[in-house]
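**Student:** build me a model:
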Amino acid sequence: MTPDLKIISMRDIKTENINWIWQPYLPEGKLCLIQGDGGCGKTTLVLSISAFITTGTVLPYGKYNPPANVIFQTAEDGMADTIKPRH
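**Tutor:** Modelled structure (predicted):
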């Protein structure tokens, strides 16, 4: 049995505005990935941005957003030796 294929035309898609936490870098409610070579500061950057978001502090050149929760996932860094000491 083959799955049904549904073709959608772009003219049928309603355009929606994006709510930004930090325009044009961080859209609200979207999955965002940070990629780069090891040692370039990815974890430091994301933990800093997370601190801004969870405390409701204005990001550089950003606008005020009320404090919000952050889900942080890492595949490189250990929680005990890297993440916790930086929090």
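**Student:** for this structure, longest helix please?
**Tutor:** helix 42-55 (DSSP state H).
**Student:** avg pLDDT for that one?
**Tutor:** The average of the pLDDT scores along helix 42-55 is 91.
**Student:** now do it: which elements does it pack against?
**Tutor:** The contact analysis (3 or more CB pairs under 8 Å, 6 or more residues apart in numbering; DSSP states H and E) places helix 42-55 against helix 84-86. In short, each C-beta sits where N, CA and C put it, glycine included.
**Student:** picking up where we left off before, buried stuff in the longest helix of the chain?
**Tutor:** 42, 43, 46, 47, 49, 50, 52, 53 (16 or more other CB atoms under 10 Å).
**Student:** what do you get for stretch 29-44?
**Tutor:** 42, 43.
**Student:** how far away from the center of its chain is it?
**Tutor:** Taking the mean of its C-alpha atoms, stretch 29-44 sits 9 Å from the chain's own mean (CA atoms, centre = their mean, to the nearest Å).
**Student:** give me the residues contacting that stretch.
**Tutor:** 18, 19, 26, 45, 46, 74, 76, 77, 82, 83, 86 (CB atoms under 8 Å, 6 or more residues apart in numbering).
**Student:** same thing but 7 Å
**Tutor:** Outside of stretch 29-44, the residues that reach it under the criterion CB atoms under 7 Å, 6 or more residues apart in numbering are 26, 45, 46, 74, 76, 77, 82.
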